[in-house]
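> sequence and predicted structure below; questions after.
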Amino acid sequence: MSLEPAVPRPSFTLTDTRGLPFEFAKETRGLLTFLFFGYTNCPDVCPVHVANVAAVLRRLPFEDQRKARFVFVTTDPGRDSLPVLRRWLDQFDASFIGLRGEDAEVARVMSAIGLPPAVRSVAGPDGRYEVGHPATVIVFTADDSAHVLYPFGTRQIDWAEDIPRLLRVRPRTGD
Amino acid sequence: MQWWCSASGKPWTWDPQYYVGVWLVVAVLAVAFHALSRRARALGESRLVYWGGWSAVGLVWQVLDWPIGPLAAGYLASAHAVQFLSLALVAPPLMLLAVRRPVAASMTNMGGEGAMHRALEFVTHPVVAGVVFNLVAITTHVPAVVDALMPTQAGAFVIDLAWLAGGLVLWWPVIVHAPRRPWFSVPVAMLYLFLATLFHTGIAMVMLIREFPMYGIYELAPPWPVWSPLEDQHLAGGVMELAGAAVIFGIITVMFFRWSGGVSGEAAPPAPPAPPAPPRD
């Protein structure tokens, strides 16, 4: 899904799974960056989307893998503690970055990118609840812009075709 | 409530689900098999073959119903492969073996007359049967077809029933021997089985060597905790390739040794009772 106009790489700081501040714009500048908002108790969309990107990134040449980052921002900070987030991401790829912030902070980031905020469902009798969130992966290329969104349903074969093209985007001149 | 297993997109649960359509189909199959197999016993069919046929009916039930049915419909390509093998390659020969005597007798009694006889004669001709089986096997493994049909109950029903029907058609010429085709000797039947299942082996190879999941319904299904969609696809290909080859070559081997041992005639059912002679004026 094309983004017109392209969305500039946002500046925000959240806490990574080591408990350290992670400055998104600074840490990922010039890199192919997959940004996804979801939660670890998600029963369907999140694990499938993340697993599909991970499966394709693993097949890239090492040089290309070094130019890519996957950043997962939890929309459920109440249940997704930093260790929980780390354990969940490690199932897919130990290099994936997990970020956590307060609901309001995360909502501000999502709004800056043009995404609707996450919505928590009413908890059931067992205390369990679901979190509605955009099921899209936003991809920032080396020019520090996102030109395209990948909705749920994107297949590994689609990622395998697109990622090499996304890696070929050149950084903006004059930076 | 679902009447047939289809891809739901919901996370897998071990809570049993009930599929009325599956029970109905299995009930119809069981009633028909009961009627024919009783006649087969009366015509001297062995107890082993009789119970083998009932095991096949039970196998059909098991692979269509929970849990294999829904797993195959929307979660695991490997369960789908088990279903295919069971419905197309394992259950049909066992069921046909148990009912071949009364079926052959009925065909003889038709005396080559009637639309039913002509249709059966046409569809069970080895060339036609081989083509029908391969058309079913290939069409129902095309990713676009699978992804379009499996999310709907009617679509999943069509695929499952097509496999069972395709399997019955494939095995008929080898097991039922009716109508009689003198040229379809044991060596020709062995060659027929080998050739008719070549494409099925090809499908399994494609599943084994593909670098990415072929079927969207399994790739995008709520995750299965044990293995990834690609590993599942490779497992499915392996099951189809190895278990399918084991079934086909196992049967070909048995046919060969029975034939080479000079007892090939035992593979054919005893001659059905002759139709009553027309009254003489």
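Yes, it's here.

> which residues of the stretch 1-150 of chain B score low on pLDDT?
B:112 (pLDDT under 70).

> now it against chain A: closest residue?
residue B:11 (4.2 Å; CB to the nearest CB). C-beta coordinates here come from the backbone N, C-alpha and C atoms, glycine included.

> could you report the neighbour count for that residue?
Look at residue B:11: counted by other CB atoms under 10 Å in any protein chain shown, it has 14 neighbours.

> please apply the same query to residue B:14.
6.

> what segments of chain A are strands?
For chain A, the strands defined by DSSP state E occupy A:2-8, A:13-16, A:21-23, A:32-38, A:68-74, A:97-100, A:119-120, A:131-132, A:137-140, A:145-150.

> now do the same contact list for residue B:214.
B:77, B:143, B:206, B:207, B:233 (CB atoms under 8 Å, 6 or more residues apart in numbering or on different chains).

> nope, residue B:84 is what I was after
B:137, B:140, B:163, B:240.

> around chain B, pick out the residues from chain A.
A:43-44, A:47-48, A:51-52, A:55, A:59, A:152-153, A:155-157, A:160 (CB under 8 Å from any CB of the partner chain).

> get me the contact residues on chain B for chain A.
B:9-11, B:211-213, B:216, B:219-223, B:228-230.

> how does it look with 6 Å?
B:11, B:212, B:219, B:220, B:222, B:223 (CB under 6 Å from any CB of the partner chain).

> going by secondary structure, the first one is in what exactly?
Secondary structure from DSSP states H and E places residue B:11 outside every helix and strand.

> thinking it is in contact with residue A:45, fair?
No - the criterion here is CB atoms under 6 Å, and residue B:11 misses it with residue A:45 at 10.9 Å.

> residue B:78 is in contact with residue B:236, correct?
Yes - Residue B:236 lies in contact with residue B:78 (CB under 6 Å); the separation is 4.4 Å.

> if we can go back for a sec, can I get the strands of chain A in TSV including mean neighbour count and mean pLDDT?
As requested, these are arranged in TSV below (neighbours: other CB atoms under 10 Å in any protein chain shown; pLDDT from 0 to 100):
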stretch	mean neighbour count	mean pLDDT
strand A:2-8	12	90
strand A:13-16	18	98
strand A:21-23	15	98
strand A:32-38	24	98
strand A:68-74	23	98
strand A:97-100	24	98
strand A:119-120	12	94
strand A:131-132	16	96
strand A:137-140	26	98
strand A:145-150	19	96
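
> could you find the closest non-adjacent residue to residue A:36?
residue A:137 (4.8 Å; CB to CB, 6 or more residues apart in numbering or on different chains).

> equivalent analysis for residue B:209, please.
Using CB to CB, 6+ apart, the nearest residue to residue B:209 is residue B:237, at 7.9 Å.

> go on, residue A:171?
Per CB to CB, 6+ apart, closest to residue A:171 is residue A:142, 4.7 Å.

> count of neighbours near the one you found?
Residue A:142, neighbours per other CB under 10 Å, totals 19.

> show me the helices in chain A, by range?
A:24-28, A:45-57, A:62-66, A:82-90, A:103-113, A:156-167 (DSSP state H).

> can you pull the contacts of the residue of chain A positioned farthest from its centre?
Most distant from the centre of chain A: residue A:125, at 31.2 Å, with distances by CA atoms, centre = their mean. Residue A:125 makes no contacts at all, as judged by CB atoms under 6 Å, 6 or more residues apart in numbering or on different chains.

> now the end-to-end length of stretch B:5-19.
One end of stretch B:5-19 sits 7 Å from the other (CA to CA, to the nearest Å).

> run the chain-centre distance for that stretch.
Stretch B:5-19 sits 24 Å away from the centroid of its parent chain (CA atoms, centre = their mean, to the nearest Å).

> residues in contact with that stretch?
Contacts for stretch B:5-19 (CB under 6 Å, 6+ apart): A:43, B:4, B:66, B:69-70, B:73-75, B:150-153, B:156, B:217, B:222.

> give me that answer again for 7 Å
For stretch B:5-19, contacts defined as CB atoms under 7 Å, 6 or more residues apart in numbering or on different chains pick out A:43-44, B:2-4, B:65-66, B:69-70, B:73-75, B:150-153, B:156, B:217, B:221-222, B:224.

> run me through the strand neighbours of the lowest-mean-pLDDT helix or strand in chain A, direction for each.
Least confident helix or strand, chain A: strand A:2-8 with a mean of 90, by mean pLDDT, DSSP states H and E. Strand pairing for strand A:2-8, determined by DSSP bridges: strand A:145-150 (antiparallel).

> PyMOL command to pick out the buried ones of the residues of chain B next to chain A?
This is how PyMOL selects the buried members of the residues of chain B next to chain A, with burial counted by 16 or more other CB atoms under 10 Å in any protein chain shown:
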select buried, chain B and resi 212+219+220+222+223
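
> which intervals of chain A have sub-threshold pLDDT?
Judged by pLDDT under 70, the stretches of chain A that qualify are A:174-175.

> how much space between residue B:206 and residue B:237?
7 Å (CB to CB, to the nearest Å).

> residue B:189 now?
27 Å.

> select from the contacts of residue B:214 the one having the most neighbours.
Result: residue B:77 is most packed of these (other CB under 10 Å), 30 neighbours.

> what sits closest to that residue if chain neighbours are left out?
Per CB to CB, 6+ apart, closest to residue B:77 is residue B:236, 3.9 Å.

> so which of the contacts of residue B:84 wins on neighbours?
Neighbour max across these (other CB under 10 Å) = residue B:240, 27 neighbours.

> what's near enough to touch the closest residue to residue B:68 other than its chain neighbours?
The spatially closest residue to residue B:68, leaving aside those adjacent along the chain, is residue B:79, at 5.5 Å (CB to CB, 6+ apart). Contacts for residue B:79 (CB under 7 Å, 6+ apart) come out as B:68, B:71, B:72.

> out of those residues, which sit inside helices?
Using DSSP H, the contacts of residue B:79 in helices are B:68, B:71, B:72.

> nearest residue to residue 128 in space, please, no chain neighbours.
Unless you meant another one, I'm taking chain A. residue A:41 is the one closest to residue A:128 (CB to CB, 6+ apart), at 7.8 Å.

> my question was about chain B, not that one.
Nearest one to residue B:128, counting by CB to CB, 6+ apart, is residue B:122 at 6.1 Å.

> nice, that's everything, thank you.
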